[in-house]
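S.K.: I'd like to go over a predicted model; first the sequence, then the structure.
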Amino acid sequence: MALRKILIADDHFLIRAGVKQMISQLEDVELAAEAISGKDVLRLFEELRPELLLLDISLPDMTGIEVTEKIMQQYPAAKIIILSMHNDGEYISKCIELGVKGYVIKNESADELQYAVKAVLAGKEYFSREVQDVIFRKYTTSVIKKTTREVEKVTLTNRERDILQLLADGMTSNQIADRLFISTRTVETHRANLMKKLDAKNAIDLLRKVHEQKLMDT
Amino acid sequence: MMATKPTILIVEDSFIVSFHLEKILESEGYEVIGTQATGEGAIDAISNRQPDLVLMDIMLAGNLDGIESARVIRSRFGVPVIFITALTDHGTIQRAKITEPFGYLTKPFEDRQIATVIELALYKHSMEKNLRRTEEKYFATVNSINDAVILLDTDFRVTYMNPRAEKLTGISSVSSVGQSVFKMLNISQSATDESPAFFRCNLNDGKSSFLPEGFVLHGRDGVDRHIGEGSFSVIQERSGVVNGHIVTFRDITEKYEHQKLLKLFEKNRLAALMEGQENERSRVAKELHDGLGQLLNGIKMQLAFGANEKSTAELSALIDEAIHESIRISENLIPSRVRDFDLVTCLRSLSENVQRSSGLTVDFPVKEFIEGISESVKVNIYRITQEALNNAVKHASAQVISVQLLCDNESLILSIEDDGVGFEKHAISDPLTHHGLYNMAERAQVLDGTFTIESSPGKGTLIIVQIPLN
């Protein structure tokens, strides 16, 4: 049986060395090539069609996200594991959205990477412990936000309250500006922010929503 | 030549002579508009109707004789006078000369002679009138221009100063006449405060040149003025003979002060920029030294105690910490998420981080994505937000900070409001003492945007940044 080809892409020599060592301990697999830039990866992937790509999230010429986007567009079945310095939710969700099969934080134990490689080669997905934590936290917050009205409740700033009060008194932006010694443009900005926050269509709608949600009461 | 006949007034106390003259003049083609027997009568007549010329008998009956009458007529009406006289004695001629008569007719005169003398007088008078008009034009010009003009003779003595020069030097034109220009003008170099030799060289050189920059004129009125935009020129007659010099200059004090202010502003700006960079560097240096450096020291110490099963685990933990520290420092320098994500995601993440680390409430109610914002706009908006949040956390004693972002087709509007202590707005006029605000304003300016700050004690602080999109 032919060996399964792995392409690794990272611009740091030490990381590549570590990854290579890890791969050498696995059976049935071979290192197809090493890439050190985004351009390299795209060319080598096209040429060698590896079964698995271990991709650094930040390459000198492109981000791993950009590389993933390009590869997944052309080869939707491609198997990619991201190696990343970032444990931010944004990076992780973006990569999952793009269809990567695994995501491992670089300073986690070498075992994590090995698990990931094995799992993905076996047709599964693998997200390391730390990544799972981040995903879980993100998920729970969004669930809490969706289910609890409290969290979703719009809050107003002091200046927004001042302006709403004067709007309710029937004043125009110009009059409010004169009253509060601020520029009309500043008043307009507050109004636009308020309309956006409360998804209001006009001043009347805005005041109605403020009243409905009892925003001025506290 | 003349379309109308020249008009003439005869002043002659001898009826016979005046009758005779009238006949001759009319036959020669002149219009006699009257005959008068006395000087007073002549002056009255002229004030009613001005003739082109007056024929005046020197010897007149009445209070005014011919010479006296001629003087009055000349000075009051500017009408040329020709004397008719039988006297040719030296004394009378001398007296008559002072009134600048335009000719003499000596009795008894020949008919032809009269016309010749009259024509000559009329011609001479019209030439003089033209000359005077030209002179007046030049004089008015020199008098009204905003440049100081000083005329000098060949020995550099003042012959004339225009009103502007009088004002700038504090010396009247009359009292300056005849004075050496070097003694009169008290000039020094603004930088060295020395009396400039250059000024002398330029004048003595005899050629035209420009006034060098950086001179201060110490006026007699006690006011020092920066002068410039001037020149030294030689006054040359048509024949090529040099008959003096002309010095011109302007009061550029206002311009000078303005430039000085601009320079000062630029200097302050640079200083603020450099100090900002310096602060940033020392911050990074401190983080590298205190954070990462100490961690690495710790690792080395652990190694020195010899590796065993337990210490390997500890070492690994320390190395992890060092890695996190390096990520944190690098994120602070250039946040990689600004490159990789849209602006709203970046700002939300920043707000969440600040909320977590400060314990304050940071509200970021923006839900939709804003795509297509250039990286430079993103970086600057991110930095402004970071700086504003920092200020609110560190200095404002705020409880709640609100970050909002609006985007229409034309512009991006970022507003950051806190409920902290606020400050007096005029207290931030000096940019050197408030780098944070200054940097934010600078960043907005770089993007052709506007930076507005509203704050007053007890009312919290509001920052609005509006960036045009295109």
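M.R.: That came through fine.

S.K.: need the contact list for the residue of the stretch 1-150 of chain B found nearest chain A.
M.R.: Residue of the stretch 1-150 of chain B nearest chain A, by C-beta to the nearest C-beta: B:Asn146 (39.0 Å). All C-beta spots, glycine's among them, are computed from the backbone N, C-alpha and C. B:Asn146 is in contact with B:Arg164, B:Arg250, counting by C-beta atoms under 8 Å, 6 or more residues apart in numbering or on different chains.

S.K.: what are the pairing partners of the strand ranked longest in chain B, and which direction each?
M.R.: Using DSSP state E to define each element, chain B has its longest strand at strand B:224-236. Using DSSP bridges, strand B:224-236 pairs in its sheet with strand B:209-210 (antiparallel), strand B:215-218 (antiparallel), strand B:242-251 (antiparallel).

S.K.: Check which residues of it are buried.
M.R.: Judged by neighbour count (16 or more other C-beta atoms under 10 Å in any protein chain shown), strand B:224-236 contains these buried residues: B:Arg225, B:His226, B:Ile227, B:Gly228, B:Gly230, B:Phe232, B:Val234.

S.K.: Roughly how far does the first one sit from B:Ser173?
M.R.: So that's B:Arg225. B:Arg225 sits 18 Å away from B:Ser173, going by C-beta to C-beta, to the nearest Å.

S.K.: again with the third one
M.R.: Using C-beta to C-beta, one gets 18 Å for the distance from B:Ile227 to B:Ser173.

S.K.: Likewise for A:Glu27?
M.R.: Counting by C-beta to C-beta, the gap from A:Glu27 to B:Ser173 is 110 Å.

S.K.: And for B:Val247?
M.R.: Distance of B:Val247 to B:Ser173, computed by C-beta to C-beta: 14 Å.

S.K.: With neighbour numbers in mind, choose between these two.
M.R.: Taking neighbours as other C-beta atoms under 10 Å in any protein chain shown, B:Val247 and B:Ser173 compare with B:Val247 leading, 23 against 17.

S.K.: Against B:Arg339, how distant is the more buried one?
M.R.: Noted for B:Val247: a distance of 64 Å to B:Arg339, by C-beta to C-beta.

S.K.: do the same with A:Ala2
M.R.: According to C-beta to C-beta, A:Ala2 and B:Arg339 sit 39 Å apart.

S.K.: higher neighbour count, these two?
M.R.: The neighbour comparison of A:Ala2 against B:Arg339 (other C-beta under 10 Å) goes to B:Arg339, with 14 against 6.

S.K.: what's the following helix or strand after the helix or strand harbouring the more buried one?
M.R.: Secondary structure from DSSP states H and E places B:Arg339 in helix B:336-340. Using DSSP H and E, the helix or strand that follows helix B:336-340 towards the C-terminus is helix B:343-358.

S.K.: immediately after that next one, which helix or strand?
M.R.: Next in sequence after helix B:343-358, counting helices and strands by DSSP H and E, comes strand B:361-363.

S.K.: which residues sit against that next one?
M.R.: A:Thr155, B:Ser351, B:Glu352, B:Val354, B:Gln355, B:Leu389, B:Gln399, B:Val400, B:Ile401, B:Ser402, B:Val403.

S.K.: Need the buried ones from those selected in PyMOL.
M.R.: Only the buried entries of the contacts of strand B:361-363 go into this PyMOL selection, using 16+ other C-beta under 10 Å:
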select buried, chain B and resi 351+354+355+389+400+401+402+403
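
S.K.: Show the backbone phi and psi for B:Ser455.
M.R.: For B:Ser455, the backbone dihedrals (degrees, to the nearest 10) come out as phi -160, psi 150.

S.K.: so who does it touch?
M.R.: For B:Ser455, the contact set (C-beta under 8 Å, 6+ apart) comprises B:Gly422, B:Phe423, B:Glu424, B:Lys425, B:Thr461, B:Leu462.

S.K.: Those residues in strands, which ones?
M.R.: Among these, the residues falling in strands (DSSP E) are B:Thr461, B:Leu462.

S.K.: near chain A, from the contacts of B:Ser455?
M.R.: For chain A, the contacts drawn from those by C-beta under 8 Å from any C-beta of the partner chain are B:Leu462.

S.K.: So of the contacts of B:Ser455, which two are at opposite extremes in space?
M.R.: The most widely separated members of the contacts of B:Ser455, counting by C-beta to C-beta, are B:Glu424 and B:Leu462 (14.6 Å).

S.K.: Give me the more crowded residue out of the two.
M.R.: More neighbours surround B:Leu462 than the other of B:Glu424 and B:Leu462, with 24 against 9 (other C-beta under 10 Å).

S.K.: what are the bridge partners for that one, then?
M.R.: B:Glu417, B:Glu454.

S.K.: Nothing else from me, thank you.
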